[in-house]
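Asks: for reference, the sequence and a predicted model appear below.
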Amino acid sequence: MRASEGPLYFIVTEGLRSAERQAYLVAHGKSRTLRSRHRTGHAVDLAVVRDGVAMWDWPSYALLARIVKAAAAELDLPVEWGGDWQSFRDGPHFQLPWATHPGGEDVFPPRTTEPA
């Protein structure tokens, strides 16, 4: 990954999500939609790590966003950062835009209690 070549160490904290995980996050105020790009594999949450500790502060998010956006621009890949959103700022969140990467199919179908 081009961004990992930069001066900052970061980790993926969450990528692809099940319907159950997304519903849990909405119920606990960590997300506002069940139609998340995480459900289709088009989003990732990242965290800056310093001295073995994940950093959750806005200056760390802003620095990481600059690095990820620059790497995406070099590759001519559109990327959206949740920290740029006005209604629900989400610093760790990066996603491919709906307009250029529609892919609306859930990767994990909802679980069922019916026998297989």
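Replies: It's in.
Asks: who touches the strand ranked longest in the chain?
Replies: In the chain, assigned by DSSP state E, the strand with the most residues is strand 43-50. Contacts to strand 43-50, defined as C-beta atoms under 8 Å, 6 or more residues apart in numbering, come from residues 8-15, 36-38, 54-56, 60-61, 63-64, 68, 92-96. Quick note: C-beta positions are derived from backbone N, CA and C, even for glycine.
Asks: where do the helices of this protein begin and end?
Replies: Here the chain has its helices, by DSSP state H, at 19-27, 58-74.
Asks: average pLDDT for the longest one?
Replies: Just to be clear, that refers to helix 58-74. The average pLDDT for helix 58-74 rounds to 95.
Asks: equivalent analysis for the first one, please.
Replies: Per-region confidence: helix 19-27 scores 94 on mean pLDDT.
Asks: ok, now stretch 95-113?
Replies: Averaging pLDDT along stretch 95-113 yields 74.
Asks: and of the helices of the chain, who's closest to Phe88?
Replies: helix 19-27 (11.3 Å; C-beta to C-beta).
Asks: out of the contacts of strand 43-50, which are buried?
Replies: Those of the contacts of strand 43-50 that meet the buried threshold are 8, 10, 36-38, 55, 60-61, 63-64, 68, 92-96, by 16 or more other C-beta atoms under 10 Å.
Asks: picking that back up, so for the longest strand of the chain, what gets flagged as buried?
Replies: 43-48.
Asks: and the spatially most central residue of the chain, bridged to which residues?
Replies: A centroid search over the chain (C-alpha atoms, centre = their mean) returns Val44, at 2.7 Å, as the residue closest to the centre. Beta-bridge partners of Val44, counted by DSSP bridges, are Phe94.
Asks: same question for the one 5 residues further on.
Replies: Beta-bridge pairing of Val49, defined through DSSP bridges, involves Ala54.
Asks: how far does stretch 91-102 stretch from one end to the other?
Replies: Stretch 91-102 stretches 22 Å from its first residue to its last (C-alpha to C-alpha, to the nearest Å).
Asks: gap between it and the chain center?
Replies: 8 Å (C-alpha atoms, centre = their mean, to the nearest Å).
Asks: make 18 the first number, not 1, from now on.
Replies: I'll keep to 18 as the first residue from here, and by that count the last item is stretch 108-119.
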